[in-house]
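A.B. asks: Sequence and computational prediction follow.
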Amino acid sequence: MSLLFAALLAVAAAPVPADPQRVVFPDSVSQGAMVIGKVPPGSEVRHAGRMLRVTGYGSVVFGVGRDAAGPLQVSVTRPDGSRQTLAIAVEARDWPVEKVSGVPPRTVSPPPEVAARIAREAAQVGAARRADDARADFAQPFQWPVAGRISGRFGNQRIYNGNPGSPHSGMDIAAPAGTPVKAPAAGVVTLAAPDFYITGGTLIIDHGHGISSNFLHLSGIDVKLGDRVEQGQVVARVGATGRATGPHLHWGMNWFDVRIDPLLVLERAKLAARSAVVTLDGPHLVLQGATGDPDRMQVLSDFALRLRRCLEQRGVALATTMVNQPVIVLSEGGQELELVMPDRLGAYAFWPGRKPGEAMLYTIIRGKTQSSVQELAQSYFEGPPCPTAG
């Protein structure tokens, strides 16, 4: 059976590399969104008066404020000097009014003698949010830090004890005091303060490129300044410290000083969950079309086996993954490359580190296995042809 289907494998056309000049951003975004775009690696990208970091894969990220109005301007200068300016529409949202009663009066109208303390603590928070590390932990699909009812939503106008306050800067999740708080994504601790006047126990985790998470009203903090934390690691405990009416977790997110909505970030994680996420470590072949059809799976398996044998003779160890989804996310070191796979038998070759951001697509149809293996090995992985036999 293997030899039969081996004889039916081929490359339908010459390999098609990803367009190295392509710039991809959404046409429209919501107020409060975290926006991830793709540009040619090595590009210069400007938005809102700031030069954005670009990952080795060409990913960039920025935040859209609660009251942002479009169009947003993003300017891209490619490595070859060509320029492109994008105008991104902004979808407005309705912001209901939330009345919060029973808040400690001293936190609603702080006495004058604590003004200096509040200003000092606010300055510490601002300094933590200015971090601009090259780490791309923000590219992970974010997870809920605690389970519970959403008791307060991002952006809603707040009225505390009858007094108008600022719009809510994050979302509140009701949970019992002492509930473990888990890091929604990996990052580095840039602030760990046990007793701020307004926010109580306060923790900030930086996810890279200006994206950070803040957790407020904590009863305990289990990490310290400078610690590296991984997704799902327990970092703190739910509490009711500072301006709080009861135990809950306030989870806020920022792009530098721009507040963004954690719920929208979690929605992006839902989309990613519908795709295959392939973690890369060395040369990798992703095969699309493993639908459960034994014949199609046999074609893919035979192709992968022959290519692995070819590359092993050159000292290259190739990992393979089979997927059914039409969209896959390749992830290396927290950085992502999203690829759209054809709705047929196909293969993506990817060599992380050596060829960051570059992928080569093959469409596999009935034909000759050996010639397709030779072509892929030579044109993408480079080197002499594979042996004719075997």
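C.D. replies: On my side now, so go ahead. Everything numeric in this text was worked out from a predicted model, so none of it was measured.

A.B. asks: Going by C-alpha atoms from here, please, whenever you check contacts or count neighbours.
C.D. replies: OK.

A.B. asks: quick one, domains of this structure?
C.D. replies: Here the domain assignment for the chain is 2-18+275-381, 28-92, 97-272, based on automatic domain parsing.

A.B. asks: Helices along the stretch 1-150 of the chain, start to end?
C.D. replies: Counting by DSSP state H, counting those that start in this stretch, the stretch 1-150 of the chain has helices at residues 2-6, 105-108, 115-128.

A.B. asks: I meant to write the stretch 151-300 of the chain there.
C.D. replies: Counting by DSSP H, counting those that start in this stretch, the helices of the stretch 151-300 of the chain are 262-273, 294-312.

A.B. asks: low-scoring stretches of the stretch 101-250 of the chain, by residue?
C.D. replies: Judged by pLDDT under 70, the stretch 101-250 of the chain has its weakly predicted residues at 101-109, 157-165.

A.B. asks: How about the contacts made by Pro71?
C.D. replies: Contact analysis of Pro71 by CA atoms under 8 Å, 6 or more residues apart in numbering lists 87-90.

A.B. asks: typed the wrong thing, it's Glu312
C.D. replies: Counting by CA under 8 Å, 6+ apart, Glu312 touches Leu318.

A.B. asks: next one: Gln21
C.D. replies: 39-40, 78.

A.B. asks: follow-up on the earlier one: looking at the helices of the stretch 151-300 of the chain, spot the one closest to Ala48.
C.D. replies: Nearest of the helices of the stretch 151-300 of the chain to Ala48, taken as CA to CA: helix 262-273 at 20.4 Å.

A.B. asks: quick one: buried residues of that closest one?
C.D. replies: Neighbour-count burial for helix 262-273, counted by 16 or more other CA atoms under 10 Å, picks out 262-266, 268-269, 272.

A.B. asks: Residues touching that helix, excluding its own?
C.D. replies: Residues contacting helix 262-273 (CA under 8 Å, 6+ apart): 32-34, 140-144, 154, 170-171, 251-253, 329.

A.B. asks: what about it, distance to the chain center?
C.D. replies: 9 Å (CA atoms, centre = their mean, to the nearest Å).

A.B. asks: circling back: any of the contacts of Pro71 buried? List them.
C.D. replies: 88-90.

A.B. asks: For the stretch 1-150 of the chain, just list every one of the strands.
C.D. replies: For the stretch 1-150 of the chain, strands defined by DSSP state E, counting those that start in this stretch occupy the ranges 10-11, 16-17, 28-30, 34-38, 44-47, 50-52, 59-63, 72-77, 83-91, 97-100, 149-152.

A.B. asks: Point out the other helices and strands that the last one packs with.
C.D. replies: Counting contacts by 3 or more CA pairs under 8 Å, 6 or more residues apart in numbering; DSSP states H and E, strand 149-152 is packed against strand 170-174.

A.B. asks: Sheet partners, orientation included, of the strand it packs on?
C.D. replies: strand 149-152 (antiparallel), strand 248-255 (antiparallel) (DSSP bridges).

A.B. asks: out of those, which comes closest to Thr190?
C.D. replies: The closest of the strands paired with strand 170-174 to Thr190 is strand 248-255. By CA to CA, the value is 13.1 Å.

A.B. asks: What are the buried residues along the closest one?
C.D. replies: 248-255.

A.B. asks: would you list the helices of the stretch 151-300 of the chain in JSON lines and tack on mean pLDDT and distance to Gly201?
C.D. replies: Listed next are these as JSON lines, based on pLDDT from 0 to 100; distance: least, CA to CA, whole Å:
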{"stretch": "helix 262-273", "mean pLDDT": "82", "distance to Gly201": "19"}
{"stretch": "helix 294-312", "mean pLDDT": "81", "distance to Gly201": "53"}
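
A.B. asks: how about the ones you listed in a markdown table, adding distance to Ala319?
C.D. replies: What follows is the helices of the stretch 151-300 of the chain, written out as a markdown table (distance: least, CA to CA, whole Å):
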| stretch | distance to Ala319 |
| --- | --- |
| helix 262-273 | 22 |
| helix 294-312 | 8 |
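
A.B. asks: Looking at these, spot the one closest to Pro180.
C.D. replies: Nearest of the helices of the stretch 151-300 of the chain (CA to CA): helix 262-273, 18.4 Å.

A.B. asks: Between strand 248-255 and the closest one, find me the angle.
C.D. replies: Helix 262-273 and strand 248-255 are oriented at 80 degrees to each other (axes from the mean of the first three to the mean of the last three CA atoms, to 10 degrees).

A.B. asks: In CSV, list the C-alpha atoms belonging to helix 262-273.
C.D. replies: Written as CSV, here are the backbone C-alpha positions of helix 262-273 (Å, rounded to 0.1, in the frame of the first residue of the first chain):
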residue,chain,number,x,y,z
PRO,A,262,-8.6,41.8,28.3
LEU,A,263,-11.8,40.3,27.1
LEU,A,264,-10.9,41.2,23.5
VAL,A,265,-7.5,39.7,24.0
LEU,A,266,-9.1,36.5,25.2
GLU,A,267,-11.3,36.5,22.1
ARG,A,268,-8.2,36.4,20.0
ALA,A,269,-7.2,33.3,22.0
LYS,A,270,-10.5,31.7,21.0
LEU,A,271,-9.7,32.2,17.3
ALA,A,272,-6.2,30.7,17.8
ALA,A,273,-7.8,27.7,19.5
